[in-house]
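K.L.:
return a 3D structure for these sequence lines:
(3 chains)
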Amino acid sequence: MTKTNPGNFFEDFRLGQVIRHATPRTVTAGDVALYTALYGSRFAVQSSDAFAKAVGYPRSPVDDLLVFHIVFGKTVPDISLNAVANLGYADCRFIRPVFPGDTLSAQSEIIGLKETSSGKTGVVYVRSQGFNQSGDLVLSYIRWVMVRKRDEMSQVAEQSVPSLPEVVSVEEFGHALPQIAGKLWDDELAGSRARWDDYRIGERIDHVDGTTVEEAEHMLATRLYQNTAKVHFNQHSEGAGRFGRRLIYGGHVISIARALSFNGLGNGFHIAGINGGRHVAPLFAGGTVYAWSEILGREPLPRRDDVGALRVRTFATCDKPCAEFPGRSSQSYDEGVILDLDYWLLIPR
Amino acid sequence: MTKTNPGNFFEDFRLGQVIRHATPRTVTAGDVALYTALYGSRFAVQSSDAFAKAVGYPRSPVDDLLVFHIVFGKTVPDISLNAVANLGYADCRFIRPVFPGDTLSAQSEIIGLKETSSGKTGVVYVRSQGFNQSGDLVLSYIRWVMVRKRDEMSQVAEQSVPSLPEVVSVEEFGHALPQIAGKLWDDELAGSRARWDDYRIGERIDHVDGTTVEEAEHMLATRLYQNTAKVHFNQHSEGAGRFGRRLIYGGHVISIARALSFNGLGNGFHIAGINGGRHVAPLFAGGTVYAWSEILGREPLPRRDDVGALRVRTFATCDKPCAEFPGRSSQSYDEGVILDLDYWLLIPR
Amino acid sequence: MTKTNPGNFFEDFRLGQVIRHATPRTVTAGDVALYTALYGSRFAVQSSDAFAKAVGYPRSPVDDLLVFHIVFGKTVPDISLNAVANLGYADCRFIRPVFPGDTLSAQSEIIGLKETSSGKTGVVYVRSQGFNQSGDLVLSYIRWVMVRKRDEMSQVAEQSVPSLPEVVSVEEFGHALPQIAGKLWDDELAGSRARWDDYRIGERIDHVDGTTVEEAEHMLATRLYQNTAKVHFNQHSEGAGRFGRRLIYGGHVISIARALSFNGLGNGFHIAGINGGRHVAPLFAGGTVYAWSEILGREPLPRRDDVGALRVRTFATCDKPCAEFPGRSSQSYDEGVILDLDYWLLIPR
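P.N.:
As a prediction, the model looks like this:
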C-alpha cells in the first residue's frame, strides 16, 4: 500500500468525479490575528466585533479571502499537486459568513477535462466548495489548472469544456450578510466617507501604497492555509527550476491587493463574488506590490436597499507604482502587472 | 469625491481640533500569541491566566505596549502620514487593563502647533487616547511630530506650544490594576527574586541578551498594529530614499527593549506610564538590539502598599552590547544608542 | 542583589535538586494558529474541532510538539543557558492532552551529573516535567546537556550517571487520549487510507516534500516557546562565534520533520512518547529540510484495540532529498542528515 500522495495526474480525473478533500480546519481568532499581521487589513467589519455588531453581525466575520485561501489550500493535494499553471477562476461566490470557531471542509467536482495540443498536459476544470461544520455551503468557485499527464500515451475517457459565466449575477448575493444598519455605519470609524452612491462606472483609484514581500511572510501565509504546493516552500528544488526562486502563492497577492485597496474602497466590507482572475506574472520575494482599481459596474441588490454592489477590477503590479494605472492594452498587459482580478464588492448605500 | 487618504499636512490642523480615528480593533488571544512570537516576552502576569488570577486579575491582561502600538497605529493615517520625524512622547498613562475580546478605538486632540524656521514643516502636538468598547479610557499620551506643509506659503490660524509634564506623577497610577496579592506572587514562577525594595536609585542593569531583527518580523508587527506608515513597508520607494532601507517602526524597538529587560526587571509586570522617549537613531533589519536600564526613581503608590513604582530609563542599542552602559554624555548620545526611554514600572513590594 | 540571571554552571547543580522553572504559559488558539503557520501541519485531530469531537475528544488538543517546545523553553534559563551542546533525549512521554486555555508550567530534577575528561564541562541529566493549571502531569522527559563549568577547579559533590530506558514501554501509553471511535474516523478527511495494520516493520517512507527555513521563521517559533537560548537570536555575537551564524533551535527541526511526515503517516495523530533523539548536525537559515521514516516496531496497546503504536525512526536532512533514505551506516551518519528521532506514534486500527 503506497503511503504517500503522488497527487492526481491529468488522466486520473473523470468528468463528474467528486473528491472530498482532506484536513478539515477550525478557523480561530488566532488565524484572524495572523491574517492581520500578514496583510494589515483595516476593514472595520472584520477588525472590530463592536463595529460588526453595531451594523448587524453577531460578531466580526472572518475575512472572505481567508476563507477562500483555506478552502483553496484543501484542494491542492488532490487537484493541483502536479499542476503546471493555475489558469483562472470563475463563478466564485461567498455564500455564508464564517466566524471564528467554525470548521471548514472542502470538496470538488470535476466539471471539465481538455487535453492540450502538446499531449503532455491537460486542463482540469473543478467546481470547489467549502462547507462549515453544519454542512452549510459557505463558498463555491470554479478554477481551471493545467495538469501534467503521468503517461503521454494515456487518454481520458471523456473530454468536455464547461461554459463559464463571465460575471456572477448580483441576484446571487445578499445571503452572506445580515441586513446592514446603514445609519449605524460610522464612516469615521470605517475610515472612508465614500458609499455606494459615490462611485461612478469608469472611475479609477490608485491605492497609492506599496508593500514589499519577504520569503518568511508568504510561506507563513501559505502554510497557515495548509496549502502544500511545493513551489512555494522549497528553495533547494526551485533553485534548480524554471525561475530559480520560490514562487509566491497567487492568493497571497490577491490578499495584499485587497488590503491595499482599503485606501480608496474602505467601505467595501464584503467580497460577494469573484467574476474572474488571472495571475499575469509570478511574484517573488523582494518585490513590492502596488495596486489600483477601476469601477466596472454598479448594481443595486435585489430586494434590499442597505447595500449595493460595485463591480471592481483590481490590478496589482510589482515594483511599479500605479499613478498611471498600468493595466491591459489590447492583447497584452503593461509591464509590471502581476494580477488582474474582477470581483463584486458590497458597500453600504 | 476623492476616495484615497492623502493624510493631513501641517496647515490642515487646527488647535483644539478633535479627530476620531478609523478602524476599531478587537484584541484577541491571537494578537497576544503573535506578540509573544515577535518579542518573546516572559512577564508572568501577561503570560499566564493562572498566575494573573492568583495575584488578583480576572485573567491575563494584554501587554501594555501591545495596547500602545494598536492605539498609536490608528492615529497614523490622520496625524503622521506626512510626518518627517516622530519627535517625542510625554504624559503617557495606562489607565485601565485591556483583556482579550476588548475592542480598542482611538481619538486625538491637537494641543499644539508650531511652524519650524524652515517654513517647510511644522510641529504638531497631539493628545491621543485609546478607549475600550464601553467607552472607558484605557490609554492617554502626548506625542509631537514634525509634519510637512502642503504649501510653504500657507499659514496656520493659531500657533501654540503646550507645556508638557516632565514626569508623570505617581498620583495618577494604580487604577489600571487590581490589588496585587503579594503573598501569592510566586517569585520562582515570575522568574525574579527582586521586588520593589530591592532596587536602589542609580542602579544600572545590563539586560545582557541581544536579538537580531529581520524585515519579515518588523513588518508583521507593524501590520498587526494596523500602522500604515509607508516607510516601514515599501523597499521599492525607500530604496531610493534617505536611508535606502525600510525604517523599522520605533515602537518595535521599544517592545524589544522591554522584552530584553525581563532579565533584570522580571517582576516589573506593568508599565504605568511613560515620561518621555526618544528614538535616537533609526534601526534597520539585520541590526541586533541590546538594552540596559538605570533606576531613576523609586516611589510608593499613594493609598496602596501592594506595589511600588520604579522610574526606569532604558537605553537600547544596535550592534553594541551594554556591559559598559552606553548612554548619553553631556549633549550627545554614545555610538550605537537607538532608544532612550523614561518610564514608570509597577512592581510588587 | 544580582538582578540578571547568569544561568547555572555545571558545579551549581546537585543530584536530586528540584528546580521550579519560571514563566507559566497559557496556551491559546493563537499559539495553535502560529504553529500551523510555522509548520503547515495537517493532522486532522489537531486541525479540526469537528473531527476531534467526532472521534472522541472534547475538542482539538494542542499539538504534542507545541507542548514539548513550551515546556522545554521554560527549562532553558535554569538548565542550559551555559550549555555547550544538547546531547540527547530519553523516556519522553505525553501523558495528558493539553487544550487551548490550559496553562503550562514546568519543573526539573537533576538525575545525573558527570564531569567530562577535559575538566571544563560536565554532563547534566535532568528529568523535566510539564504540568497543567490543575497540577496534572502532562509531559515528562529526560534530556542531557553538556554544561560549562564556571571554575575548572571546582568539583561537584556527587557524580552519577542514570540508567536510561532505551525504549519507552507501550504499557505507559493510552492515558493521553480518549477511546477513539475508529468507525467515525474518516480516512478521506484525515488524508490517509493507511491505518496501523497497514504498516510493516522495516517499511521505509520518503516524505517527499522539502521546506526551506528563514531566519524570521525559526526566531518567531523559538520566541513563541519563550526559549531564550542566545545562539538562536543574536547574529551580532554568533557572527563572531563558532558557526558565524545563528543556530536554529533543534525542536524547530523536529516540528518540521513531523509536519513533513504527514505525507506517509497521515493517520498518526498522536506522539505518545519519544525514545531518543539526536541533533546530528546544526541547521542554519536558508537550508531546506527533507525527511523520511522507517517503521521500527508495531505494538498493540494494552487493554485497548482502538489504536495501535508504531515505533518510528524519522531522519531529517538538509538540502538532501530522501528518495535514497540517507541515514546512519555503521558508526557515522550519511551526509546531509541533521536529525535522528526515535518515537512512538499512535494510529487508529
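
K.L.:
flag every residue of the stretch 1-150 of chain A that's near chain B.
P.N.:
A:28-34, A:36-40, A:42, A:44, A:47-51, A:60 (C-beta under 8 Å from any C-beta of the partner chain). Using the backbone N, CA and C atoms, a C-beta is placed for each residue, glycine as well.

K.L.:
so what's A:Gly122 closest to, chain neighbours aside?
P.N.:
Nearest non-adjacent residue to A:Gly122, counting by C-beta to C-beta, 6 or more residues apart in numbering or on different chains: A:Phe10, 3.7 Å away.

K.L.:
neighbours around that neighbour, how many?
P.N.:
Around A:Phe10 there are 25 other residues, counting by other C-beta atoms under 10 Å in any protein chain shown.

K.L.:
one more: A:Ser140?
P.N.:
18.

K.L.:
just A:Val156 next, same as before
P.N.:
A:Val156 has 19 nearby residues by other C-beta under 10 Å.

K.L.:
what mean pLDDT does stretch A:126-135 get?
P.N.:
Averaging pLDDT along stretch A:126-135 gives 98.

K.L.:
strands of the stretch 101-250 of chain A, residue ranges please.
P.N.:
For the stretch 101-250 of chain A, the strands defined by DSSP state E, counting those that start in this stretch cover A:103-115, A:121-131, A:137-148, A:204-206, A:211-212.

K.L.:
can you pull the buried residues of the first one?
P.N.:
Of the residues in strand A:103-115, those scored as buried under the neighbour-count criterion (16 or more other C-beta atoms under 10 Å in any protein chain shown) are A:Thr103, A:Leu104, A:Ser105, A:Ala106, A:Gln107, A:Ser108, A:Ile110, A:Ile111, A:Gly112, A:Leu113, A:Lys114, A:Glu115.

K.L.:
identify the farthest-apart pair in those.
P.N.:
Within the buried residues of strand A:103-115, A:Thr103 and A:Glu115 form the most distant pair, 37.3 Å apart (C-beta to C-beta).

K.L.:
quick check: which of the strands of the stretch 101-250 of chain A is nearest to B:Arg303?
P.N.:
strand A:211-212 (49.0 Å).

K.L.:
that closest one pairs with which strands?
P.N.:
strand A:288-300 (antiparallel) (DSSP bridges).

K.L.:
just the C-alphas of the strand it pairs with, formatted as CSV.
P.N.:
Output of strand A:288-300 as CSV, limited to C-alpha atoms (Å, rounded to 0.1, in the frame of the first residue of the first chain):
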residue,chain,number,x,y,z
THR,A,288,7.0,45.4,-3.9
VAL,A,289,3.3,45.1,-4.6
TYR,A,290,1.2,48.1,-5.6
ALA,A,291,-2.5,48.1,-6.8
TRP,A,292,-5.2,50.2,-8.4
SER,A,293,-8.8,49.6,-9.2
GLU,A,294,-11.4,50.5,-11.8
ILE,A,295,-15.1,50.5,-11.1
LEU,A,296,-16.6,48.3,-13.9
GLY,A,297,-20.2,48.2,-12.6
ARG,A,298,-22.6,49.4,-10.0
GLU,A,299,-25.7,47.4,-9.3
PRO,A,300,-28.4,47.6,-6.5
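
K.L.:
what comes up buried for that strand?
P.N.:
Going by neighbour count (16+ other C-beta under 10 Å), the buried part of strand A:288-300 is A:Thr288, A:Val289, A:Tyr290, A:Ala291, A:Trp292, A:Ser293, A:Glu294, A:Ile295, A:Leu296, A:Arg298.

K.L.:
closest one of the residues you listed to chain B?
P.N.:
Relative to chain B, the closest of the buried residues of strand A:288-300 is A:Thr288; by C-beta to the nearest C-beta it sits at 3.5 Å.

K.L.:
enumerate every residue touching the closest one.
P.N.:
Going by C-beta atoms under 8 Å, 6 or more residues apart in numbering or on different chains, A:Thr288 touches A:Gly210, A:Thr211, A:Thr212, A:Val213, A:Cys318, A:Asp319, B:Asn234, B:Gln235, B:His236, B:Ser237.
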